[in-house]
Structure formats: structure tokens, C-alpha cells
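> Give me coordinates for this.
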Amino acid sequence: MSFKHRFAIFILNLISKTWRYEIHGNVPNCPAVIAFWHGTMLPIWKFFDKKNAFAVVSLSKDGEILTQLLKKWKFTVLRGSSSRNGKEVLQDMIELAPKGYLLITPDGPQGPIYRMKAGAVITSQRAEIPLVLAGIKVKNKIILNSWDRFYLVMPFAKIILDFSNEYNFKKDFSKQEIDEKISLLEIELNQLNRISI
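Numbers count the residues shown, from 1 in each chain. Below you'll find the model as predicted:
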């Protein structure tokens, strides 16, 4: 990893120590699957540092930088996505989910933005642990011109984490029932983030 990337990780880690959190709803009990949009990942990852947490990160170059940052925050990192190494990563998520907090971006790693893929729900269902949605609102941020409208959170920013109720999914749900749940969860997650699409 280049000096530039190591320096970026150092700066992000330093800035994150100044963030201030306000919690709406209840912080999920452990274990849980926690789903949030890709562009909002940094502040919620930081909130769960040193909390026996797992994260799924893509195999891209950006993913390598994020992996090193997450390791500083004491996460166990799974590398892969729905398009690369998907079946293996899903199986790893199902096995690890009962052991802590599993943090997932259901519109990652390449979008479409604010559209929920099935991985979080399937992991929750098969691991038999609850799914919780997390809305993230940041008072002081720069929104990058990237596909996910990535939040670059400023020093001393106030961050509101808005957690949903827990969702549990029956083992015998049909594919149609799962798809219907995903559509409803997508709407709720956008509402938690105050996103209108």
C-alpha cells in the first residue's frame, strides 16, 4: 500500500475520533445483521469499532484501503461481493453472523444506489438472527461525486444513527415473500435516511 493510502487511513482514523453520536431507537442487541446504505458506511462502522463486529468489503483497490481502516477499528473483514466470490462470502456471513454484529451495505459494492439486494435478509434468515436497519444523518459532511454519494464526514461532525426495530424472517418464507420483505425494507431504510427516490 502506498504512502498516500496509508496517510489517508491515518487522517480518517484521526478525524473519526472527533465525531459525536446521537442515537435514535435502540442500539441492536448482539448478535444482529445491520444494514445501511453504501455511501454512509464510515460513521456507522466507526460506531461499532471494538464491538465484535464483522464487515463485508469489496475486492477493489478502494476496498483494500477500507479493509486496513476497519482493521484499525478491530473489525473482522470479509472480502467479496455479490458479483465476485459471492457464494463463498454469503456462506461466511451466515456462519459469522451469530457471533457478533455483521454490518452490510445492501446496495454495494456498485449499486444501483438505495436499492436493496437480498444478502442481508438471506443472512438474517439462514443464521436465525435479527436484521436491523440503520439510517445515518450527518450534519457536517462533503458528499462525493461517486455512484453511492459517499459521505466524507468532517471533524467534530454530529452523526445521528436511527435504528429500526428488529426484523426476523421465517425459515419457510418463499422467494416471493422474501422479495416482498426486501421491497418494504428498502422503503423503510430510505425513510430512515430521509431519502426520496
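> Please name the nearest non-neighbouring residue to Thr123.
Distances taken as C-beta to C-beta, 6 or more residues apart in numbering put Met93 closest to Thr123, at 4.6 Å, once the chain neighbours are dropped. Any C-beta I mention is one placed from the backbone N, CA and C, and that applies to glycine too.
> Would you confirm that the one you found contacts Leu103?
No: Met93 is not in contact with Leu103 according to C-beta atoms under 8 Å; the separation is 10.4 Å.
> Can you check which residues contact both of these two?
Common contacts of Met93 and Leu103, defined by C-beta atoms under 8 Å, 6 or more residues apart in numbering, comprise 54, 56.
> Extract the C-alpha trace of the longest helix seen in the chain and format it as CSV.
Counting residues, the longest helix found in the chain (DSSP state H) is helix 175-192. In CSV, the C-alpha atoms belonging to helix 175-192 read as follows (Å, rounded to 0.1, in the frame of the first residue of the first chain):
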residue,chain,number,x,y,z
LYS,A,175,-38.8,-16.4,-2.6
GLN,A,176,-41.8,-14.2,-3.3
GLU,A,177,-42.3,-13.5,0.4
ILE,A,178,-38.6,-12.6,0.8
ASP,A,179,-38.8,-10.3,-2.2
GLU,A,180,-41.8,-8.5,-0.7
LYS,A,181,-39.9,-8.1,2.6
ILE,A,182,-36.9,-6.7,0.8
SER,A,183,-39.1,-4.1,-1.0
LEU,A,184,-40.6,-3.0,2.2
LEU,A,185,-37.2,-2.8,4.0
GLU,A,186,-35.8,-0.8,1.1
ILE,A,187,-38.6,1.8,1.6
GLU,A,188,-38.0,1.9,5.3
LEU,A,189,-34.2,2.3,5.0
ASN,A,190,-34.7,5.2,2.7
GLN,A,191,-37.2,6.8,5.1
LEU,A,192,-34.7,6.4,7.9
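> so what does that helix touch, helix or strand wise?
Where contact means 3 or more C-beta pairs under 8 Å, 6 or more residues apart in numbering; DSSP states H and E, helix 175-192 is packed against helix 119-127, strand 131-138.
> Check which element follows the shortest one along the chain.
Meaning strand 131-138. Using DSSP states H and E, the helix or strand that follows strand 131-138 in sequence is strand 141-143.
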